[in-house]
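Asker: fold the following and give me the result.
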Amino acid sequence: MSSQHLPVQFAPFRLARQGQRLKGAIEIKGMARLTEALSDTEGAVGIELQFGIDEQGTFYARGHLSTQIQMTCQRCMKPVTLPIEADVALVFVSGDDQARNLAPDYDPYMVGNDAVTLAELVEDELILALPIVALHEDKTCEPILERLHTEADQSDQTQVKPNPFAVLSEWEGKK
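Answerer: Just a heads-up that it's a prediction; the model follows:
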């Protein structure tokens, strides 16, 4: 299949029997669960998936996903662009029994008789590949807590606080 004509949905067992290959890109903004973790929804995911049947009769998809995403740096709370690369080794299974008996180098992907939505499959794999904590790699960003403390210290220095005991000096003069 060509890169311009990726299917919205596909029949995984049929593609595996035919030894098909999917190569192309899909937009990130259509992946609602993934975009919840992102600070920007622009961009696309490069997809390359080879379908087949291995020696044990397992229907699989192997390949690679790659994209650049933008998340919020948890150190400085500013946007950070991160490359996301995910190697895919999926086996299409229709039940828990099949999933339990897989070779360790495969991940199960549960399907029924329905077609699989390509964007959902890609979204699942990208969510698994997201970093636990997004940070700028170069560590030149200023931590938000330090910046807030610095701003608070500066505002404390510019504000003249009234002396809470000034009232006592007024009472002393009245006696």
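Asker: how near is Gln18 to Pro12?
Answerer: 11 Å (CB to CB, to the nearest Å). The C-beta positions use only the backbone N, C-alpha and C, and glycine is treated the same way.
Asker: more neighbours: these two, which one.
Answerer: Pro12 (21 against 12; other CB atoms under 10 Å).
Asker: list the contacts for the more buried one?
Answerer: Phe51, Phe59, Ala61, Phe92, Tyr109, Val111, Val116 (CB atoms under 8 Å, 6 or more residues apart in numbering).
Asker: next, count neighbours for Leu168.
Answerer: Neighbours of Leu168 using other CB under 10 Å come to 9.
Asker: oh, I was asking about Val88
Answerer: Val88 has 22 nearby residues by other CB under 10 Å.
Asker: next: Phe165.
Answerer: 7.
Asker: could you do Gln98 as well?
Answerer: 15.
Asker: so it makes contact with Pro108?
Answerer: Yes - Gln98 is within contact range of Pro108, at 7.3 Å (criterion: CB atoms under 8 Å).
Asker: now do the shared contacts for these two.
Answerer: Val91.
Asker: who's the nearest residue to Ala134 once chain neighbours are set aside bridged to?
Answerer: Excluding the flanking residues, the one nearest Ala134 by CB to CB, 6 or more residues apart in numbering is Met71, at 3.8 Å. For Met71, the beta-bridge assignment (DSSP bridges) gives partners Val80.
Asker: correct me, but Met71 touches Ser39?
Answerer: Yes - at 5.7 Å, Met71 counts as touching Ser39 under the criterion of CB under 8 Å.
Asker: quick one: which helix or strand includes Cys92?
Answerer: Check again: residue 92 is Phe, not Cys. strand 79-93 (DSSP states H and E).
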